[in-house]
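In: Give me coordinates for this.
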Amino acid sequence: MEYLTSSEIAKIWGISSRRVTLLCNEGRVEGAEKKGLMWLIPEKAQKPADPRKRGKK
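Out: Residues are numbered from 1 along each chain as shown. Below is the predicted model of the structure:
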């Protein structure tokens, strides 16, 4: 399994690396592991849904 850093995932997902770190700290990224000060995220991990956004009615 390939792992990517939070900066690499941030570019793929189109969000900031800080936001990726917060999602990992909250346990919302499945399979993310912390090694020292760095988060390692599986390359096939899905971006968690943003609870602030709702579907259109």
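
In: drop to CA atoms for contacts and neighbour counts, all remaining ones
Out: Fine.

In: Can you list the neighbours in contact with stretch 8-26?
Out: If you take CA atoms under 8 Å, 6 or more residues apart in numbering as the criterion, stretch 8-26 is touched by 6-7, 29, 32, 39, 41, 43, 47-48.

In: Now whatever helix or strand Arg18 lives in: buried residues?
Out: Secondary structure assignment for Arg18, by DSSP states H and E: helix 17-25. Across helix 17-25, burial judged by 16 or more other CA atoms under 10 Å covers 17, 20-21, 23-24.

In: quick one: which of the contacts of stretch 8-26 has the most company?
Out: Ile41 (24 neighbours; other CA atoms under 10 Å).

In: Test my guess that that residue contacts Met1.
Out: No: in this structure Ile41 lies outside contact range of Met1 using CA atoms under 8 Å: 10.0 Å.

In: Make sure I have this right: Lys34 is in a strand.
Out: Yes: judged by DSSP: H, G, I helix; E, B strand; the rest coil, Lys34 forms part of a strand.

In: Just list the residues touching it, thanks.
Out: Listed by CA under 8 Å, 6+ apart, the contact set of Lys34 reads Leu40.

In: That concludes my questions; thank you for your assistance.
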